[in-house]
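**Student:** could you look at this predicted model? Sequence included:
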Protein chains: 2
Amino acid sequence: MTTVEWDVTSPACPSRVIFSRIGDRWTMFIVLALSERTMRFSELKERLGQVSPKVLTETLRALEADGLVERQSFPDSPPRVEYSLTALGRSLLEPIAAMRAWAEQHVPEVLESRRRALSA
Amino acid sequence: MTTVEWDVTSPACPSRVIFSRIGDRWTMFIVLALSERTMRFSELKERLGQVSPKVLTETLRALEADGLVERQSFPDSPPRVEYSLTALGRSLLEPIAAMRAWAEQHVPEVLESRRRALSA
DNA sequence: CCCGTCGGTTACTTCAACGGAACTTCCCCG
DNA sequence: CGGGGAAGTTCCGTTGAAGTAACCGACGGG
């Protein structure tokens, strides 16, 4: 199965690229939010709760650069900017769903294990 | 599908728990390495390349606390310690495989998009 | 004419993580 | 007696990531 051995230390290693992106604190929640519908900056901000505009902007810019999210600004006033998933972004929903399914099924075990480790 | 709305800000939110763990810089590579076979500390260290013993120890301890990895030390001399996946850890391989499949298929697009964004 | 809104940006500070190197313990071997 | 190897641990020093808070520019409304 592991026919090709990737150099884990390489910045171009597919696993590293995607696990880093996924590991980002807000990425997954943004992708999940946008999977429901297109949203504006302030909608995302409110939805995510404790995220500063700076970090939200940075994360959205990164997702845009990676081709996962599309940014559309309208010449309205007050300004209107809408964020949505690209086709590539939507294709990521499938493996994410697998992860979430695992999480909802097994995280109680993890938390219990964590609790035991702490009390030891 | 999203019948239950989890509080993203809660530390016990399953998605947050698992995405944080996954997002850790070395977690996935350790899990993938241990999916092949049980390994000793120094084997892992060599396999992962540029990881300091400190960080490797920290990561392994965290994985152990979460019940994903098992640590077995033998009273040999010189010391011998073996790390392996628990059943819970092995069950995580399935969603990871989905992620890796997506990564190997789509990361070229992501890198190309990233390249374009940089040159703009 | 000033205010408020939206979608940010900028500057400042802080804080936890990371790298690197040295040190430790236990036992065996020469 | 003096290494040497395994598996860490400890001690800095650095840094980059993150939070805070203030600010901005365009426009429309009162």
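**Tutor:** Nice, thanks for sending it over.
**Student:** tell me where chain A has strands.
**Tutor:** Along chain A, the stretches classed as strands by DSSP state E are A:39-40, A:69-74, A:80-85.
**Student:** check contacts around the residue in chain A positioned nearest to chain B.
**Tutor:** Closest to chain B within chain A is residue A:23: 2.0 Å, counting by C-beta to the nearest C-beta. Yep, even glycine has a C-beta here, placed from its N, CA and C like the rest. Applying C-beta atoms under 8 Å, 6 or more residues apart in numbering or on different chains to residue A:23 gives the contacts B:19-20, B:22-25.
**Student:** the longest helix along chain A and chain B in contact?
**Tutor:** Secondary structure of chain A read by DSSP state H shows that its longest helix is helix A:93-119. Yes - using C-beta under 8 Å from any C-beta of the partner chain, we find that helix A:93-119 touches chain B at A:94-95, A:98-104, A:106-107, A:109-114, A:117-118.
**Student:** residues from chain A in reach of DNA strand C?
**Tutor:** A:40-42, A:53-54, A:57, A:60, A:71, A:73, A:78-81 (C-beta under 7 Å from any atom of the strand).
**Student:** show me how to select, in PyMOL, the buried members of the residues you listed.
**Tutor:** Remark: buried members of the residues of chain A next to DNA strand C, expressed as a PyMOL selection using 16 or more other C-beta atoms under 10 Å in any protein chain shown:
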select buried, chain A and resi 41+60
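**Student:** return the closest of the residues of chain A next to DNA strand C with respect to residue B:7.
**Tutor:** Nearest to residue B:7 out of the residues of chain A next to DNA strand C is residue A:42 (C-beta to C-beta; 19.8 Å).
**Student:** residues near residue A:76, how many?
**Tutor:** Using other C-beta atoms under 10 Å in any protein chain shown, residue A:76 has 8 neighbouring residues.
**Student:** that one and residue B:51, how far apart?
**Tutor:** 50 Å (C-beta to C-beta, to the nearest Å).
**Student:** and residue A:103, by the same measure?
**Tutor:** For residue A:103, the distance to residue B:51 (C-beta to C-beta) stands at 26 Å.
**Student:** circling back to that earlier point, could you redo the residues of chain A next to DNA strand C as TSV and give each row distance to residue B:13 and pLDDT?
**Tutor:** Output for the residues of chain A next to DNA strand C, formatted as TSV (distance: C-beta to C-beta, whole Å; pLDDT from 0 to 100):
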residue	distance to residue B:13	pLDDT
A:40	24	97
A:41	23	97
A:42	23	95
A:53	22	95
A:54	23	96
A:57	23	97
A:60	21	97
A:71	27	97
A:73	31	96
A:78	33	92
A:79	32	94
A:80	30	96
A:81	27	97
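**Student:** ok, now which ones touch residue A:94?
**Tutor:** B:98, B:102.
**Student:** same deal with residue A:10?
**Tutor:** Residue A:10 neighbours (C-beta under 8 Å, 6+ apart): residue A:16.
**Student:** try residue A:14
**Tutor:** A:6, B:100, B:103-104, B:107.
**Student:** rewinding a little: chain center to the longest helix of chain A: distance?
**Tutor:** 17 Å (C-alpha atoms, centre = their mean, to the nearest Å).
**Student:** just give the nearest non-adjacent residue to residue A:47, would you?
**Tutor:** Nearest non-adjacent residue to residue A:47, counting by C-beta to C-beta, 6 or more residues apart in numbering or on different chains: residue A:33, 5.3 Å away.
**Student:** again but with residue A:72, I slipped
**Tutor:** Per C-beta to C-beta, 6+ apart, closest to residue A:72 is residue A:82, 4.8 Å.
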